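Asker: Provided below are the primary sequence and the corresponding predicted coordinates.
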Amino acid sequence: MYGTGLAKGLMLTLRHFVDSFVDDLRYGLRKYSHATDNFGLRQGTAAKGVITVQYPDEKVAVPERFRFVPFLIVEDEDHPTRSGKDWCTSCGICAKVCPPQCIWIVRGNDPDTGRPVPEPEAFFIDIDICMNCGYCAEYCPFDAIKMDHDYELASYDRTSHHIHDKEKLSKPASYWRDIAPTRAYEEMLVRGTWEHKDAAKEARRGSASPRASSRAQNPQAEAAPAAGGAGGGGAAPPPRPRPPPRVTGRRRPGARTRPNAKSAGGKPSSAKPSAPPGAAAKESPDYMARLRGLLKPNQSLIIEDTEVVPTKSC
């Protein structure tokens with residue numbers, strides 16, 4: 001029957017309205033006492049009825065997936081190697097995917113070489129234009145930009161307070177782990193570490209360099225266990241002999257061979273190297289005549305100290 005859903009909704013609203021007064025009378029004067037956590041009890045799952053939050057004295061906790069104005073993640077101040085370093089590499093993907101185009105990035109340059117460095121020199125977000133869609137956080141390949149939970153950003157000055165610069169946008173990585181622990185843990189599983197990718201690479205390089213330096217300084221210390229471990233403390237086995245080289249192909253017919261410096265008897269060989277094939281044909285009169293016919297009147301050709309001039313036309 002039409003109207004049954006509307007009637008059920010109105011009955012539910014009426015029941016919440018009545019339960020709010022009943023629960024308020026049951027709670028009594030304890031709501032004026034500061035000794036107990038009135039907000040936790042009244043906003044908990046055991047409370048009933050319509051509840052009014054006394055904002056700004058009371059604030060309802062936002063869910064973890066709540067998103068507001070983005071912010072940039074930087075390393076914590078107590079980081080051993082990258083204190084205060086930006087996770088952002090100024091790749092510009094967030095500015096490209098932003099639907100209202102409210103992000104502006106200026107890439108930094110090395111003052112000595114003038115080449116670009118993977119750090120933003122300036123970063124601006126206009127929060128009046130930002131629609132809090134979260135595309136910038138979803139598309140960032142370095143997890144460097146996240147959506148904040150701070151929604152109290154109202155002010156009387158729109159020109160300066162509502163355009164957040166890099167200093168106002170930067171927050172430590174521990175802040176993101178506090179407001180979104182579940183999402184931070186999921187990202188850590190995908191990334192493989194709690195730190196930035198560059199910090200993980202530096203840690204791996206640092207652990208590999210002392211090992212390589214110790215090997216270079218003391219190469220016999222590593223060779224000794226390998227030599228003594230196979231025979232139980234005895235001498236190392238002799239090296240295996242190398243196999244003789246294999247002939248993988250045949251010599252082409254007509255290939256030129258290099259003359260030996262000495263003959264079989266030990267004396268220098270007096271035999272002259274054979275002329276390459278086709279040399280006799282090149283020295284024939286017919287071959288020279290054909291060359292003269294191909295040359296132009298103002299051209300000449302030198303073949304093995306012999307000048308060939310074109311034939312004179314009659």
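Answerer: Noted; the coordinates are in hand. Numbers count the residues shown, from 1 in each chain.

Asker: can we go C-alpha only for contacts and neighbour counts from here?
Answerer: OK.

Asker: what about the strands in the chain?
Answerer: 70-74, 103-109, 116-126, 145-147, 163-164, 170-172, 301-303, 306-308 (DSSP state E).

Asker: for the longest one, list every residue counted as buried.
Answerer: It refers to strand 116-126. Using 16 or more other Cα atoms under 10 Å as the test for burial, strand 116-126 gives E119, P120, F123, F124, I125, D126.

Asker: got a list of what the last one touches?
Answerer: By that I understand D126. Listed by Cα atoms under 8 Å, 6 or more residues apart in numbering, the contact set of D126 reads C102, I103, H162, I163, H164.

Asker: against D143, how distant is the first one?
Answerer: Read that as C102. Applying Cα to Cα, to the nearest Å, the value for C102 to D143 is 19 Å.

Asker: okay, the strands of the chain in TSV with distance to R82 and mean pLDDT next?
Answerer: Converted to TSV, the strands of the chain look like this (distance: least, Cα to Cα, whole Å; pLDDT from 0 to 100):
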stretch	distance to R82	mean pLDDT
strand 70-74	9	95
strand 103-109	17	92
strand 116-126	13	92
strand 145-147	18	95
strand 163-164	24	92
strand 170-172	12	94
strand 301-303	72	57
strand 306-308	76	57
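
Asker: out of the ones you listed, nearest to S20?
Answerer: strand 145-147 (35.0 Å; Cα to Cα).

Asker: partner strands of that closest one and their direction?
Answerer: Using DSSP bridges, strand 145-147 pairs in its sheet with strand 70-74 (antiparallel).

Asker: for the contacts of D126, which two are the farthest from each other?
Answerer: Greatest spatial distance among the contacts of D126 (Cα to Cα): I103 and H162, at 12.6 Å.

Asker: neighbour count: those two, which is higher?
Answerer: I103 (22 against 17; other Cα atoms under 10 Å).

Asker: what distance do you get for the more buried one to V69?
Answerer: As for I103, its distance to V69 is 11 Å (criterion: Cα to Cα).

Asker: now the strands of the chain in a markdown table, with distance to T36?
Answerer: Formatted as a markdown table, those follow (distance: least, Cα to Cα, whole Å):
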| stretch | distance to T36 |
| --- | --- |
| strand 70-74 | 36 |
| strand 103-109 | 45 |
| strand 116-126 | 42 |
| strand 145-147 | 33 |
| strand 163-164 | 39 |
| strand 170-172 | 33 |
| strand 301-303 | 112 |
| strand 306-308 | 117 |
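
Asker: for R26, which of those is the nearest?
Answerer: Of these, nearest to R26 by Cα to Cα is strand 145-147, at 40.6 Å.

Asker: for that closest one, which outside residues touch it?
Answerer: Around strand 145-147, the neighbours that count as contacts under Cα under 8 Å, 6+ apart are 66-73, 88, 132, 134, 136-137, 176.
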